[in-house]
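A.B. asks: quick check, what structure comes out for this input:
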Amino acid sequence: MGFRRKMESPKNRRMKHLTKSILHEIAGAENLILPTNEQLNYPEKVLQFGTGVLLRGLPDQYISEANRSGKFRGRVVVVKSTQNGTTDAFADQDGLYTICVKGIDNGQLVNQAYVNASISRVLSAIEDWAAILECAKSEDLSIVTSNTTEVGIVLMEENIFEGVPSSFPGKLLAILHARFVHFNGNLAKGLVVIPAELIEENGSKLAYILNRLAAHNQLGEAFINWLNQANPICNTLVDRIVPGKLSTTDQAATEAALGYSDELMIMAEPFGLWAIESTDQQVIDALGFCDEEKGCKVVPSIQKFKELKLRMLNATHTFSCGVSILAGMELVKDSMQDEVIKSYISQLALEEIAGAITGEKISAAEADSFGKAVLDRFANPFLEHKWVSISAQFTLKMKIRCLPLILATYEKKGQLPLKMLIGFSAYLVQMDLVNSDDLASALGNVLSDEATWGQDLVAIPGFLDKVLEITASIQSKGIIHTINQLA
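C.D. replies: Numbering: from 1, shown residues only. Okay, here's the model as predicted:
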């Protein structure tokens, strides 16, 4: 089934709505990249579960750009599983939408709009289940992608043949079984499954659930063998900030500049990473939209990218959070406008954290490149990323993301990392954990709490004394003075 068109609203009559028919009219608009005529008619190679902004801002953008260069030559059939909202906006716009890429890349301001033409149609799982099962029989189909939120990859023991399966794994299993039957178990007709859910081992968990569900539905040994032999299911790591809809003011200004209205317009930062774990030639051959330079890559292991993200991005956020809040910064981008805080964050990331993680698995060049991209992301003037949001679960983040870096530095260099300890001390002050007349005693109690840290931090040579010195300075003279004097 194709798009269902809705009646044009008075608002849409005032400004032409984004559809295929107006592409020739908006050609030449400043900072706008349009699809080619060829990519509007490529066959449907991808079945995608989810209409959310992360999928439209990352995988679908890789696909659209690969199509524009003639590299992938395939479009996406989207399955909308939830009952919230409708598919009308996609129908009204022929599946087209604008993605506004805004931010800093290699130190340069980026403000570029793309009309994304990756989506061929959007089908409702509730209303169009028969059409979705028909997609399973397509010779062109080769890939399944998904982002069904963190709770989407769950085992729900259900009969996949009674109506529409409730869970995402149930729907996927029904589709794979329909394909198995249609192609008589041909091993060459399997699909590459690349989930984008933000959970650890997303592919492995999905594969496990599919096998459990196949056994529950008594689908037989032949199908289970085909499921596991012909359908590689990859672990992946996704990393891109896609805030989604623009503000009302920004949306209106952007539409006026581009010359059309767009209900599906979204924003994304320039940085993008989709690391897909596989050495399978079937995966490599199928994923023709991957582009190493732009951040979409098939690699033997994604562990290196997980470590880079956890330490260079997440730990830098956590170490810098208390520092920035104490300095009166509300937003991350505010910190990058203050020379003292910006210098602190830069040295923290590019010197101390990079030094802690480099070795056999991560080269100095890789850490430096990722770290510089992190600083660009922090400085993005278009993002409203609040430090108070980053401070959520502050202690747990400090333990998981940051403490291992302090310990690794001590083990590698025999000394404690000053910038990290400033971030740790600022966390203690900001969280009001050591507000006492006897600072040394209060600090000793906090650092020796093995239930919190998993170890006695006082046992680390010099740790208590240095944190005591920094914390006392922050409390008496402020964070800016402390950084200037000690860092």
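
A.B. asks: ok, then the element right after the helix or strand hosting residue 452?
C.D. replies: Element membership for residue 452 (DSSP states H and E) is helix 450-453. Where DSSP H and E defines the elements, the next helix or strand beyond helix 450-453 is helix 463-477.

A.B. asks: got the contact list for the next helix or strand after that next one?
C.D. replies: Next along the chain after helix 463-477, taking DSSP H and E as the criterion, comes helix 479-486. Under the contact criterion C-beta atoms under 8 Å, 6 or more residues apart in numbering, helix 479-486 has outside partners 323, 326-327, 340-341, 344, 418, 422, 426, 469-470, 473-474, 477. C-beta: built from backbone N, CA, C; applies to glycine.

A.B. asks: can you give me the buried ones in the helix or strand hosting residue 424?
C.D. replies: Using DSSP H and E, residue 424 falls within helix 418-430. By 16 or more other C-beta atoms under 10 Å, the buried positions in helix 418-430 come out as 418-430.

A.B. asks: and the residues you listed as CSV, adding pLDDT and distance to residue 403?
C.D. replies: Below are the buried residues of helix 418-430 laid out as CSV (pLDDT from 0 to 100; distance: C-beta to C-beta, whole Å):
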residue, pLDDT, distance to residue 403
418, 98, 16
419, 98, 14
420, 98, 9
421, 98, 11
422, 98, 15
423, 98, 11
424, 98, 8
425, 98, 13
426, 98, 15
427, 98, 11
428, 98, 13
429, 98, 17
430, 97, 17
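
A.B. asks: can you list those in TSV and add distance to residue 188?
C.D. replies: Compiled in TSV, those are given as follows (distance: C-beta to C-beta, whole Å):
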residue	distance to residue 188
418	58
419	54
420	52
421	57
422	58
423	53
424	55
425	60
426	58
427	55
428	60
429	62
430	58
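
A.B. asks: one step back: next helix or strand past the helix holding residue 424?
C.D. replies: Remark: after helix 418-430, the chain's next helix or strand is helix 439-447, criterion DSSP H and E.

A.B. asks: could I get the buried residue list for that following helix?
C.D. replies: Going by neighbour count (16+ other C-beta under 10 Å), the buried part of helix 439-447 is 442-444, 446-447.

A.B. asks: for that helix, what is the average pLDDT?
C.D. replies: Here helix 439-447 scores 97 as its mean pLDDT.

A.B. asks: that one vs helix 418-430, what angle?
C.D. replies: On the basis of axes from the mean of the first three to the mean of the last three C-alpha atoms, to 10 degrees, helix 439-447 is oriented at 100 degrees to helix 418-430.

A.B. asks: helices or strands up against helix 439-447?
C.D. replies: Packing partners of helix 439-447 (3 or more C-beta pairs under 8 Å, 6 or more residues apart in numbering; DSSP states H and E): helix 463-477.

A.B. asks: who touches the helix it packs on?
C.D. replies: Helix 463-477 has contacts (C-beta under 8 Å, 6+ apart) with 326, 416, 418, 421-422, 424-426, 428-429, 434, 439-440, 443-444, 447, 457-458, 481-482, 485-486.

A.B. asks: okay, buried residues for that helix please.
C.D. replies: Applying 16+ other C-beta under 10 Å to helix 463-477 flags 463-464, 466-468, 470-475 as buried.

A.B. asks: angle of that helix against helix 418-430?
C.D. replies: 60 degrees.
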